[in-house]
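Asker: Sharing a model that was predicted from the sequence below.
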Amino acid sequence: METNRLEAFSDGVMAIILTITVLAFKTPAGAGWRDAAHLVPQVLSYFLSFLFVAIYWVNHHIALKDVERVNVKVLWCNNALLFFMSFVPFLTGWVGEHLGAPVPLFWYFFDMFLTGVAFHLMMYFIAKEAGTKFCLDLRSVCTLAGYLAAAGLVFVHPAASYIVGTAVNLWWLHSKRTDRILDDHCDRK
């Protein structure tokens, strides 16, 4: 299959995910600053979720830029990626309503970890199909480990899990490698 259908479907699902996430906001009871202050936890969780989805949207676009065709394994990995991302609206709302509660926060960051696994598995199959070498670069390994650490930290120190999860996402905003995902970085010493 050509990649245009995969990209169009993925773009649509990610757009719906972000739309549902923002539509879950409840308007404040009043029009004052104190009324709006109650939205701060929801806005913070929305910011982190928006950034998370945006990072995967950008990397998805970059990853498929030079790919002409995809196979069934890539399609199923992409579906797994979108499946895990589809929990973002629910988990964002749950975390926003129960800021610092360990169980919602665990699932929030564990879902980010599972999304990362699905994305990197998709990259593996793209590389295999293209006959190129695949490896996880340092940032990818740190991303997966960071999300997993953030999920585990919720039971020890919930604020630390937010810091780790946010740091992982913010790291992706600073990218020296913006034109392709699969390259020869595995062979560099």
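Answerer: Ah, there it is.
Asker: OK, contacts around the residue nearest the centre of the chain?
Answerer: Centroid check for the chain by CA atoms, centre = their mean gives residue 52 as the closest residue, at 3.9 Å. Residue 52 is in contact with 88, 112, 115, 169, counting by CB atoms under 8 Å, 6 or more residues apart in numbering. For the C-beta atoms, the positions are set from N, CA and C on the backbone; glycine is no exception.
Asker: which element is it on?
Answerer: If you go by DSSP states H and E, residue 52 is part of helix 40-64.
Asker: Pull up the gap between the nearest residue to residue 69 once chain neighbours are set aside and residue 79, please.
Answerer: Distances taken as CB to CB, 6 or more residues apart in numbering put residue 2 closest to residue 69, at 5.9 Å, once the chain neighbours are dropped. Residue 2 sits 17 Å away from residue 79, going by CB to CB, to the nearest Å.
Asker: Around residue 111, how many other residues sit close by?
Answerer: 21 (other CB atoms under 10 Å).
Asker: Can you tell me, leaving aside adjacent residues, what's nearest to it?
Answerer: Residue 111's closest residue in space is residue 87 (CB to CB, 6+ apart), at 5.0 Å.
Asker: ok, back up a step: counting neighbours, go ahead and name the busier of residue 2 and residue 79.
Answerer: residue 79 (16 against 10).
Asker: Mind exporting the C-alpha coordinates of the host helix or strand of that one to CSV?
Answerer: According to DSSP H and E, residue 79 maps onto helix 72-85. The C-alpha atoms that make up helix 72-85 are tabulated as CSV, following Å, rounded to 0.1, in the frame of the first residue of the first chain:
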residue,chain,number,x,y,z
VAL,A,72,0.7,-5.1,6.6
LYS,A,73,3.0,-5.2,9.6
VAL,A,74,3.5,-1.4,9.3
LEU,A,75,-0.2,-0.9,9.0
TRP,A,76,-0.9,-2.9,12.1
CYS,A,77,1.8,-1.2,14.1
ASN,A,78,0.4,2.2,13.0
ASN,A,79,-3.0,1.0,14.2
ALA,A,80,-1.5,0.0,17.5
LEU,A,81,0.1,3.5,17.7
LEU,A,82,-3.3,5.1,17.1
PHE,A,83,-5.1,2.8,19.5
PHE,A,84,-2.8,3.8,22.4
MET,A,85,-3.0,7.4,21.4
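Asker: contact partners of that helix?
Answerer: Outside helix 72-85, the residues that touch it by CB under 8 Å, 6+ apart are 1, 6, 9-10, 13-14, 17, 53, 56, 60, 70, 111, 114-115, 118-119, 121-122, 125-126, 129.
Asker: got the angle for it vs helix 40-64?
Answerer: On the basis of axes from the mean of the first three to the mean of the last three CA atoms, to 10 degrees, helix 72-85 is oriented at 170 degrees to helix 40-64.
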